[in-house]
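Visitor: Fold the following, please.
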Amino acid sequence: MARNTENPIPKWLQYFDIIESTNNYAMQLVDDGMAQQGQVIWAAHQSSGKGQRGKKWENDAGNLMMSLIVKPALPPDKQFLLSMTVAVTLANYLQNLYNEWQVAIKWPNDIYINDKKACGILIENVLRGMEWSFAIIGIGLNVNQTDFPKDLVNATSLRIAAQKKFELLEIIKDLRAGIINESQQLPAVDVYNLLNRYNNLLFRKGQEVTFRESMGKRQFQAFVQEVDLSGRLILLSHQGIEQYRFGELEWILS
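Guide: As a prediction, the model looks like this:
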């Protein structure tokens, strides 16, 4: 059930102490015809929180687990534009929140602070015929968590990185406003400028990284070059230029 708090909850926000998944709840609103532009689902705990490729997000009450519903005014083949916009908006927000951080976007849309993962983004799209009806933007942001399981060696939180606590509701309001504002401008956006902003924030750009192909399990080293407008990661290996779509490649980070 939704909880009343001392801070007034905006009408566009639904808060839950525990929920299966904020993205699933938002998708149910879409299916029931009750979804509205700008709605946010926020939970302190998720029993089945979703990450990319079926992974679970670390479930800690100090973290931010939310889903934002938007109605993209774009054709269905422009989904990567929204993905870039959300990632760039989040990265810029975090950089402005604490300018001493080194913030980067790990392709396709994880956010790293000081070389450690702080945020994961999962966008689920609802397509009806040739119309892109809704996008559900799931955001898992490590905010006030101070301890992580030993197997999450590359994880961090805003509190760890800044040595101070943050107010979750304020972050929700800021992220919602920023993403809605940027997404509404997408029909007229300069796509090459957006792509350039994304690539300027690209994690390990120009550096050699170890990768593993998801299907063939080939493991190799390559230099991260850029991401193209179709969302492919461009690498330079000893075999030359290689291109990968999301889901075809795993990063092997120490």
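Visitor: can you map out the strands along the chain?
Guide: 13-19, 40-46, 64-70, 103-106, 110-113, 116-128, 131-141, 208-213, 219-227, 233-237, 240-244, 249-252 (DSSP state E).
Visitor: okay if I get these as TSV plus mean pLDDT?
Guide: Below are the strands of the chain laid out as TSV (pLDDT from 0 to 100):
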stretch	mean pLDDT
strand 13-19	95
strand 40-46	95
strand 64-70	97
strand 103-106	98
strand 110-113	98
strand 116-128	96
strand 131-141	97
strand 208-213	98
strand 219-227	98
strand 233-237	98
strand 240-244	98
strand 249-252	95
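Visitor: now those strands in JSON lines, with distance to A26 and mean neighbour count?
Guide: The C-beta positions use only the backbone N, C-alpha and C, and glycine is treated the same way. Below are the strands of the chain laid out as JSON lines (distance: least, Cβ to Cβ, whole Å; neighbours: other Cβ atoms under 10 Å):
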{"stretch": "strand 13-19", "distance to A26": "9", "mean neighbour count": "17"}
{"stretch": "strand 40-46", "distance to A26": "5", "mean neighbour count": "21"}
{"stretch": "strand 64-70", "distance to A26": "4", "mean neighbour count": "25"}
{"stretch": "strand 103-106", "distance to A26": "23", "mean neighbour count": "22"}
{"stretch": "strand 110-113", "distance to A26": "20", "mean neighbour count": "23"}
{"stretch": "strand 116-128", "distance to A26": "8", "mean neighbour count": "19"}
{"stretch": "strand 131-141", "distance to A26": "5", "mean neighbour count": "22"}
{"stretch": "strand 208-213", "distance to A26": "32", "mean neighbour count": "15"}
{"stretch": "strand 219-227", "distance to A26": "27", "mean neighbour count": "17"}
{"stretch": "strand 233-237", "distance to A26": "28", "mean neighbour count": "18"}
{"stretch": "strand 240-244", "distance to A26": "29", "mean neighbour count": "13"}
{"stretch": "strand 249-252", "distance to A26": "28", "mean neighbour count": "15"}
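Visitor: Let me know which of those is the nearest to A161.
Guide: For these, proximity to A161 was assessed by Cβ to Cβ; strand 110-113 is nearest, at 5.0 Å.
Visitor: what's the pLDDT at Q239?
Guide: Per-residue pLDDT puts Q239 at 96.
Visitor: For it, which residues are in contact?
Guide: Applying Cβ atoms under 8 Å, 6 or more residues apart in numbering to Q239 gives the contacts F220.
Visitor: backbone phi and psi for it, please?
Guide: phi -90, psi -10 (degrees, to the nearest 10).
Visitor: Against M66, how distant is the residue most central in space within the chain?
Guide: For the chain, the residue nearest the mean C-alpha position is I121 (2.1 Å; Cα atoms, centre = their mean). Remark: distance between I121 and M66 (Cβ to Cβ, to the nearest Å) = 11 Å.
Visitor: Y192 now?
Guide: With distances taken as Cβ to Cβ, Y192 is found 30 Å from M66.
Visitor: Ok, Q95 next?
Guide: With Cβ to Cβ as the criterion, Q95 and M66 are 20 Å apart.
Visitor: Can you work out which residues contact both of I121 and M66?
Guide: With Cβ under 8 Å, 6+ apart, I121 and M66 have common neighbours 138-139.
Visitor: Pull the contacting residues for the closest residue to I180 other than its chain neighbours.
Guide: Leaving aside its sequence neighbours, I180 sits nearest to G38 (Cβ to Cβ, 6 or more residues apart in numbering; 5.7 Å). G38 makes contacts with 12, 68-70, 176, 180, as judged by Cβ under 8 Å, 6+ apart.
Visitor: follow-up on the earlier one: the strands of the chain: which one's closest to D77?
Guide: strand 131-141 (9.0 Å).
Visitor: In the sheet, which strands lie alongside the closest one, parallel or antiparallel?
Guide: If you go by DSSP bridges, strand 131-141 pairs up with strand 64-70 (antiparallel), strand 116-128 (antiparallel).
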